[in-house]
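S.K.: kindly return the folded structure for what I paste below:
(2 chains)
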Number of protein chains: 2
Amino acid sequence: MSRTNRQILLASRPQGEATAANFKLVETPVPELAAGQVLVRNHYLSLDPYMRGRMNDSRSYAQPQPLNEVMIGGTVGEVVESKNDYFKPGDKVVGMGGWQEYQLVDAGQRGVLQKVDTTHIPLSAYLGAVGMPGVTAWYGLVKIIDPKPGETVVVSAASGAVGGAVGQLAKARGARAVGFAGGPDKCRYVVEELGFDACIDYKQHKGVRELAAALKEAAPKGVDGYFENVGGEILDAVMLRTNAFARIAMCGMIAGYDGQPLPLQNPAMILVSRLKIEGFIVSEHMQVWPEALKELGTLVATGKLKYRETLAEGIASAPEAFIGLLKGRNFGKQLVKL
Amino acid sequence: MSRTNRQILLASRPQGEATAANFKLVETPVPELAAGQVLVRNHYLSLDPYMRGRMNDSRSYAQPQPLNEVMIGGTVGEVVESKNDYFKPGDKVVGMGGWQEYQLVDAGQRGVLQKVDTTHIPLSAYLGAVGMPGVTAWYGLVKIIDPKPGETVVVSAASGAVGGAVGQLAKARGARAVGFAGGPDKCRYVVEELGFDACIDYKQHKGVRELAAALKEAAPKGVDGYFENVGGEILDAVMLRTNAFARIAMCGMIAGYDGQPLPLQNPAMILVSRLKIEGFIVSEHMQVWPEALKELGTLVATGKLKYRETLAEGIASAPEAFIGLLKGRNFGKQLVKL
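M.R.: Alright, predicted model coming up:
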């Protein structure tokens, strides 16, 4: 059976903001399977802020995305053909399939594809709460912030896949959870659906002083843990409100990806509050994934960990959906339905 | 016997830079000893950057120095009168005697005064390498940076009491030690006398890019640990040269004490290099002092930990000496001989 694969390549590197013109949609025939290979029809593609960093040709923790190759990305899908004993057509799998409809995989390589159970957990959740974003939240919260009951944990991008899980995991550990999100709808969702104690609409508070004042109201006992997804003024404001020995898990700085370095206004707070700040990349801590996924899977299967998804339709919509993600237009986990 | 005590009080808080006019010298009679009290003639007063922070009436990790009271400060001296069974005239002691010649102490309070042994260790060293600065160096290096053999440790203010010990302790652990210091004399001392592998004269390199270029030469394999005594452009430059998983012990930000907040130019490096940054105050970690002092005392007594002192003569010279310290005019540990 001859199949056509639609793929999105990185066509050029952004000058400043990323645009749809940096990407290119191509069609290529799917080759015949060789021995040991598996063909997966990707059903969902995950769009994540880290991809913006990979588009630049600059020093970072990861290699840049090569030009004219399929954009990297996490995917879930279904095995449609297999010349491998372990994988059978119909198996649901998670992997790094990239921005494309089909993924041809040498499935003998360990960890390239993993079967997942969709009895109690929806397939797409393996890209969100029970996948990389969930484990990211878990690692930063549990291994860096390590909140004690009664402490206050703050998270930016609180309605997102990572931020939403951070607050709910903090609540489960007896901490007060305070989010930052953009707009009244997201803030209402963060408090009413996800169960945070408070949420600050950062669009209503311009500048560090106003943000810090809003945080003083939402977190009257100060900040003991901060999970950073954004950077910039929110980070400056949170630092001003830190208690002694607060911990900051530095996960993302989406605000700085477009090239302008965003200074930290008051690093002396690191000394004043004796802060511990730690940057991390969850893929470098594979040893925690089984423990994290066990907790996250149980919470999702029992309805205790809530999340929301924004679905873009079809591979051609991925670039615009990704740019929307960078601008905060998504609501919850941004996926592309392929 | 009636004695007169000469004391220096904080007379006013600095507007911007601290000046000698912020201090006032007064003479007061030494009162008669009550039961349990000990009178100490202070021989040396330690001048330290943290005192500048205490002069401000702002939120910090410690209470501000009250106006019109004796400036706080570490001292070593000798018991001259005692109505306490444990202390005898002639005992050498270390304590927080303040900027004054005599200290009348209720010696029943635990930890207010500690006897020290000057058989193999000079009295003044208990204010430096075998005192708070030494333990500060030890804590940041051992407990935060924790260098592995072959790693590179960088320290600012490398000719100072803390910085000099950091580099020598790093060398003792098999690491490469690189210092920043101001001027060719200090840099020569850091390399030739203290045994650092390299020292960068920051006065010869203006701006973050030039400092980073100099550091690239002095630390060609990048930076694995940084002990921060200064803040500002040197910190920015070091961050640009950090290796993955580098640790930064944040001990001081002398450059920012005069009021202007000094931004950190590129906090995204925390994520790029997965840095761990930790602010600390050594007095909050009393549990490590015995272990640290044991190593430091042994190293000083055997001549393996070197240091230099700058002596100001007489209590009246303390304000000018302190301002010189803030401007980096001292060379090694700044003391006042009382």
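S.K.: so where do the strands sit in the stretch 1-150 of chain A?
M.R.: With strands called from DSSP state E, counting those that start in this stretch, the stretch 1-150 of chain A shows them at A:4-10, A:23-29, A:37-46, A:75-82, A:92-95, A:102-106, A:113-115.
S.K.: close to chain B: what parts of the stretch 151-300 of chain A are there?
M.R.: A:231, A:235, A:244, A:250-253, A:256, A:261-268, A:270-281, A:284 (Cβ under 8 Å from any Cβ of the partner chain). C-betas here are computed from N, CA, C, even on glycine.
S.K.: how about a cut-off of 10 Å?
M.R.: By Cβ under 10 Å from any Cβ of the partner chain, the residues of the stretch 151-300 of chain A that approach chain B are A:228, A:231-232, A:235-236, A:240, A:244-245, A:247-248, A:250-253, A:255-257, A:261-281, A:284.
S.K.: buried subset of the residues you listed?
M.R.: For those, a burial check counting by 16 or more other Cβ atoms under 10 Å in any protein chain shown picks out A:228, A:231-232, A:235-236, A:240, A:247-248, A:250-253, A:255-257, A:262-281.
S.K.: for chain B, what is the nearest residue in the stretch 101-250 of chain A?
M.R.: Residue nearest to chain B within the stretch 101-250 of chain A (Cβ to the nearest Cβ): residue A:250, separated by 4.9 Å.
S.K.: my guess is that residue meets residue A:239, correct?
M.R.: No: assessed by Cβ atoms under 10 Å, residue A:250 is found out of contact with residue A:239, at 11.8 Å.
S.K.: pull up the overlap in contacts between the two.
M.R.: The contact sets of residue A:250 and residue A:239 overlap at A:226, A:277 (Cβ atoms under 10 Å, 6 or more residues apart in numbering or on different chains).
S.K.: just to revisit the earlier point, now, the buried ones among the residues of the stretch 151-300 of chain A next to chain B that are in helices?
M.R.: Among those, DSSP state H puts A:235-236, A:240, A:269-272 in helices.
S.K.: in chain A, what helix or strand scores lowest on average pLDDT?
M.R.: Every helix and strand of chain A was ranked by mean pLDDT, DSSP states H and E. The lowest is helix A:50-55, at a mean of 90.
S.K.: still on that earlier bit, and the residue of the stretch 101-250 of chain A closest to chain B, bridged to which residues?
M.R.: Note on residue A:250: beta-bridge partners residue A:228, residue A:279, judged by DSSP bridges.
S.K.: which residues touch residue A:267?
M.R.: Going by Cβ under 10 Å, 6+ apart, the list of residues near residue A:267 reads A:239, A:275, A:277, B:228, B:231-232, B:235-236, B:250, B:253, B:256, B:261-265, B:267, B:277, B:279.
S.K.: now do the strands in the stretch 201-338 of chain A.
M.R.: Taking DSSP E, counting those that start in this stretch as the test, the strands found in the stretch 201-338 of chain A are A:223-228, A:242-250, A:276-279, A:309-313, A:333-337.
S.K.: returning to that earlier point: what residues are up against the residue of the stretch 101-250 of chain A closest to chain B?
M.R.: If you count contacts by Cβ under 10 Å, 6+ apart, residue A:250 has them with A:140, A:144, A:226-229, A:231, A:235, A:277-280, B:267-268, B:270-271, B:274-277.
S.K.: just to revisit the earlier point, what's in contact with the least confident helix or strand of chain A?
M.R.: Taking Cβ under 10 Å, 6+ apart as the rule, helix A:50-55 contacts A:10, A:12-14, A:17-18, A:22-23, A:48, A:60-67, A:71-73, A:99, A:132, A:136, A:251-254, A:256-258, A:281-283, A:322-323, A:325-326, B:268, B:271-272.
S.K.: of those, select the buried ones using a ChimeraX command.
M.R.: The buried subset of the contacts of helix A:50-55, as determined by 16+ other Cβ under 10 Å, is captured in ChimeraX by this line:
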select /A:10,14,18,22,23,48,60,61,65,71,72,73,99,132,136,251,252,253,254,256,257,281,282,322,323,325,326 /B:268,271,272
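S.K.: number of residues surrounding residue A:241?
M.R.: 24 (other Cβ atoms under 10 Å in any protein chain shown).
S.K.: export the strands of the stretch 1-150 of chain A as CSV, with columns for mean pLDDT and distance to chain B.
M.R.: CSV is the format used below for the strands of the stretch 1-150 of chain A (pLDDT from 0 to 100; distance: least, Cβ to the nearest Cβ, whole Å):
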stretch, mean pLDDT, distance to chain B
strand A:4-10, 98, 20
strand A:23-29, 97, 24
strand A:37-46, 97, 19
strand A:75-82, 97, 25
strand A:92-95, 96, 24
strand A:102-106, 95, 29
strand A:113-115, 93, 25
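S.K.: most packed of those?
M.R.: Burial among these, expressed as mean neighbours by mean count of other Cβ atoms under 10 Å in any protein chain shown, is greatest for strand A:37-46, which shows a mean of 23.
S.K.: what are the pairing partners of that strand, and which direction each?
M.R.: strand A:75-82 (antiparallel), strand A:102-106 (antiparallel), strand A:333-337 (antiparallel).
S.K.: closest one to residue A:194 among those strands?
M.R.: strand A:333-337 (12.8 Å; Cβ to Cβ).
S.K.: low-confidence ranges, the stretch 201-338 of chain A, go.
M.R.: Low-confidence segments of the stretch 201-338 of chain A, defined by pLDDT under 70: A:254-261.
S.K.: where does residue A:148 fall, phi/psi-wise?
M.R.: Phi and psi for residue A:148, reported as degrees, to the nearest 10, are phi -90, psi 150.
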